[in-house]
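>>> No sequence on hand, only this structure:
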Ligand SMILES: [Cu+2]
């Protein structure tokens, strides 16, 4: 087993200090994946102020559109789109390229 040199030890200390902060900030945020023309999870319940990030895992472009609320650009493979929900309500959304792809975000 290799012993830590001075520089590695410094990096480890910095990581130990920063890590809990990063984890805490990410805790409230949610992710939706697009896999094989399906939003996963299709329905999500979140609290006001939560940021949802969609990731396109298909090798086909998709969009995320909620009429009058938000609209992503066309997402290629591994592209992401984020939206922060600042008002309670039910947000239905769909893919404008494949309108049968639908999802729901319930904000309470
Ligand atoms: Cu699509």
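Structure's in. What do you need? What you see is a predicted model; the values in this text were computed from it and never measured. Numbers count the residues shown, from 1 in each chain.
>>> all helices of the chain, in order?
Secondary structure of the chain (DSSP state H): helices at 6-27.
>>> That one against the ion: which residues are in contact?
For the chain, the contact set with the ion under C-beta under 5 Å from the ion comprises 62, 95, 97, 98. (C-beta placed from N, C-alpha, C; glycine too.)
>>> Now the last one: closest residue in space, sequence neighbours ignored.
In space, not counting the residues next to it along the chain, residue 98 is nearest to residue 37; the distance is 6.1 Å by C-beta to C-beta, 6 or more residues apart in numbering.
>>> okay, now that neighbour: neighbour count?
12 (other C-beta atoms under 10 Å).
>>> so how many other residues sit close to the closest residue to residue 29 other than its chain neighbours?
Nearest residue to residue 29 in three dimensions, chain neighbours excluded: residue 51, at 4.7 Å (C-beta to C-beta, 6+ apart). Residue 51 has 14 neighbouring residues, counting by other C-beta under 10 Å.
>>> what's the answer for residue 54, then?
Counted with other C-beta under 10 Å, residue 54 comes out at 23.
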